[in-house]
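S.K.: got a predicted structure plus its sequence, pasted below:
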Amino acid sequence: MTTILPTAAQPLPAEQVYAAHPEKKVTLYFLVTGLIMLLVGLAIGPLQALNYAGIDVYRYIPILKSYYQGLSLHGVLNALVFTTYFISGLLLYLPCRELKVRPNLVVAWTGYWTMTIGVLMAAYAVLSNSSTLLYTFYPPLQGSPLFYIGAALLVVGSLIIGVQVIVIWTLWKRQHPGQVTPIVTFMSVATWMMWAIASLGLVVEVVFLLIPWSLGWTKGIDPLLARTLFWYTGHAIVYFWVLPAYISWYALLPRTAGGKIASETLARLSFVLFLLLSTPVGIHHQFADPGIPVLLKIIQMLLTFLVVIPSLLTAFSVGASLELAAQARGGGGWLGWIRHLPWKNPVFTAQVLAMVSFIPGGAGGVANASYALNTAVHNTAWIPGHFHITVGTATTLTFFGISFWLLPHITRKPLASIKMALWSSWLWFWGMIIFAVGMHWEGLIGIPRRTYLATSTGLGDMIARAQIPMALTGISGMVLMVASILYFTVIFRTLLGRRRVPESEEVPIPFSESLAHSEARSRPEVTGVSPAGMKIAGAVLVMDRLWIFFALALALVIVMYLPLLINLVLNTHLVPGVRLW
């Protein structure tokens, strides 16, 4: 499955850019395909924002049959397709390079083409307006079998990549007994293990409920059972999107800033906690659903609050890493160190702005997860406001920052414009902040989500009270459109540029060293006998047994979901499918 990479004795010529690392090519395909999907999805974004400003633009777009078809494309392409491609490429490439192994390229390309065939099938179904199902594709809304089969293939393709990374790690552990897994690989494997558990709900829903139902093999479908399976995956998928960003914040960004990882132990602990707690919390999306015991809702609410702990660990640990970097640059004081960080580097700036946006995003998530507070914002514009400041900013803007070094690294083509990259990052950040303020505000007034607001009737009083937030939402759409144009101009100018740098000038992968490792190397006579150092090493060794935590996570999911699912299966209430558009 894996082979150790040879060490190049001489620099390779530029035309052999993929010769030493052929996994670069499949990674590039994953990244570029994902970015193209993002481009299409973002093109619809301003239409969504203008709709929530009360401005109807959809009537002038003949390609789209309705606002709801546009919303389906926007949500599916941005939230599901773009993220899955980008993560699959990133979390295949980084572990392989860190472990100095080469993946099985046949398996990697199989994963890519499985995903791509699935996306093409689903895209045809949505573009033909036979599967205008929105992001959640709740039944009894019924779509084409092509959409459901395509969605299943997208997930299966990602799991092919995830399983390969886990196999590569397992073989590496056998070949290096007693060695601790390098931190980026550790985090990547934990993420793939979490996704292997989390994706089960969506796979079961699509394969055993939605596909047979859409083919006419079953007479009806139970909406509550389908929704429960969807949200089993639907919340955990948020961590599948966010954890790769966390990997970069923890283990790549410190070196970009000129510093070190403040605490490798806290970094690993946060990923162990995410592995354990990400999946058994999906029912907090179903607080308004009947048929689910209130006690189970309360338990999952409390488990959701526990997920805040690794997020707080991340804020503390990554913040400490950045402060160390600033101090190395001469910074000091309570806040004065911030100005000494490399703000002119778009790789750094995009990711730090993403982190800043995640602070209000996380706070809003606590409100969403509260059994009492959720009733005030459920199915209002607050919810997409929350999604956009978390996934749409924390994840997407981090991926922007990663692309600013990863694409030049893979292609050996210098980034086309640092200034344009910086402008795109700042405009995306402020555009999303304005959008989030507008949508959260509209939600508190009671403006519903997933509504063709520009043509809706019966909301006169709400709309009258929401003029300011609606204006903010419309303005944000224009800002984000400019940010998107700038970003993709940089990306495509970089990809299509002819100049390649020699191997010796290749953009390095910014794998960061931890502070503890640095001190151990510089002062072995001290760290070798330090009780604190021994304690930290012991904790890292315990957490390195990821299969144990995988088993515990699976057991926790079984305890939280199996009794409920058995009850729902034994008491199904089948309804026929409907198509509204």
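M.R.: Perfect, thanks for sending it. Model, not experiment: these values are computed from the prediction.
S.K.: chain neighbours aside, what residue packs nearest to Gln300?
M.R.: Distances taken as Cβ to Cβ, 6 or more residues apart in numbering put Ile283 closest to Gln300, at 4.3 Å, once the chain neighbours are dropped. Where C-beta positions appear, they are placed from N, C-alpha and C, glycine not excepted.
S.K.: what's the neighbour count on the one you found?
M.R.: 25 (other Cβ atoms under 10 Å).
S.K.: swap in Gly216?
M.R.: Gly216 has 9 neighbours, counted by other Cβ under 10 Å.
S.K.: in a helix, it, correct?
M.R.: No. Assignment of Gly216 by DSSP: H, G, I helix; E, B strand; the rest coil gives coil, placing it outside any helix.
S.K.: thinking again about what came up before, how close does the residue nearest to Gln300 get to Gly234?
M.R.: 11 Å (Cβ to Cβ, to the nearest Å).
S.K.: now Gly330
M.R.: From Gly330 to Gly234 the distance is 46 Å (Cβ to Cβ).
S.K.: between these two, which one's more packed in?
M.R.: Per other Cβ under 10 Å, whichever of Gly330 and Gly234 has more neighbours is Gly234, with 20 against 8.
S.K.: ok but the more buried one is inside a strand, no?
M.R.: No. The assignment for Gly234, made by three-state DSSP, is helix rather than a strand.
S.K.: how much space separates it from Asn379?
M.R.: 14 Å.
S.K.: got it, and Ala539?
M.R.: Counting by Cβ to Cβ - Ala539 and Asn379 are separated by 43 Å.
S.K.: who has more neighbours out of the two?
M.R.: Set side by side, Ala539 and Asn379 show more neighbours around Ala539, with 15 against 12, by other Cβ under 10 Å.
S.K.: tell me the contacts of the closest residue to Gly111 other than its chain neighbours?
M.R.: Leaving out its chain neighbours, the residue that sits closest to Gly111 by Cβ to Cβ, 6+ apart is Ile160, at 3.7 Å. Shown in contact with Ile160 (Cβ atoms under 8 Å, 6 or more residues apart in numbering): 107, 110-111, 114.
S.K.: now do the contacts for the residue nearest to Gly143 when sequence neighbours are not counted.
M.R.: Closest residue to Gly143 apart from its sequence neighbours, by Cβ to Cβ, 6+ apart: Ser131 at 3.3 Å. The neighbourhood of Ser131, defined by Cβ under 8 Å, 6+ apart, consists of 72, 122, 125, 137, 143-144, 146-147.
S.K.: out of those, which sit inside helices?
M.R.: Among these, DSSP state H puts 72, 122, 125, 146-147 in helices.
S.K.: what about Gln351, which helix or strand?
M.R.: For Gln351, the element it lies in under DSSP states H and E is helix 346-369.
S.K.: quick test: name the residue nearest the centre of this structure.
M.R.: Compute the mean C-alpha point of the chain, and by Cα atoms, centre = their mean the closest residue is Trp241, 1.4 Å away.
S.K.: wait, it sits on Gly392?
M.R.: No. Trp241 is beyond contact range of Gly392, at 10.0 Å (criterion: Cβ atoms under 8 Å).
S.K.: show me where the stretch 451-581 of the chain has its helices.
M.R.: 460-465, 467-496, 515-522, 524-527, 531-543, 546-570 (DSSP state H, counting those that start in this stretch).
S.K.: nearest to Trp337, out of those?
M.R.: helix 515-522 (16.0 Å; Cβ to Cβ).
S.K.: report the mean per-residue pLDDT for the helix or strand hosting Glu98.
M.R.: In this structure, Glu98 sits in helix 83-99 according to DSSP H and E. Throughout helix 83-99, pLDDT has a mean value of 97.
S.K.: do the same with stretch 129-141
M.R.: 92.
S.K.: cool, stretch 555-575 as well?
M.R.: On average, stretch 555-575 scores 95.
S.K.: again, but for stretch 33-46
M.R.: 96.
S.K.: buried residues in that stretch?
M.R.: 33-39, 41-42, 44-46 (16 or more other Cβ atoms under 10 Å).
S.K.: for stretch 486-501, same thing?
M.R.: Applying a neighbour-count criterion of 16+ other Cβ under 10 Å, one finds 486-488, 490-491, 494-495, 500 buried in stretch 486-501.
S.K.: so how far is it off the chain centroid?
M.R.: 24 Å (Cα atoms, centre = their mean, to the nearest Å).
S.K.: quick one, grab the pLDDT at Ala19.
M.R.: 69.
S.K.: one more: Pro62?
M.R.: At Pro62, the model reports a pLDDT of 87.
S.K.: so it, which state does it fall into?
M.R.: State at Pro62, reduced to three classes by three-state DSSP: coil.
S.K.: show me where this structure has strands.
M.R.: Under the criterion DSSP state E, the chain carries strands at the ranges 3-4, 101-102.
S.K.: least reliable of the ones you listed by average pLDDT, please.
M.R.: strand 3-4 has the lowest average pLDDT among the strands of the chain, namely a mean of 40.
S.K.: all helices for the stretch 101-250 of the chain, in order.
M.R.: 105-127, 145-175, 183-204, 211-214, 223-251.
S.K.: what number of residues lie near Ala367?
M.R.: For Ala367, using other Cβ under 10 Å, the count is 15.
S.K.: same check on Phe316?
M.R.: When neighbours are counted by other Cβ under 10 Å, Phe316 registers 14.
S.K.: just Gly332 next, same as before
M.R.: 10.
S.K.: ditto for Met301
M.R.: Met301, neighbours per other Cβ under 10 Å, totals 18.
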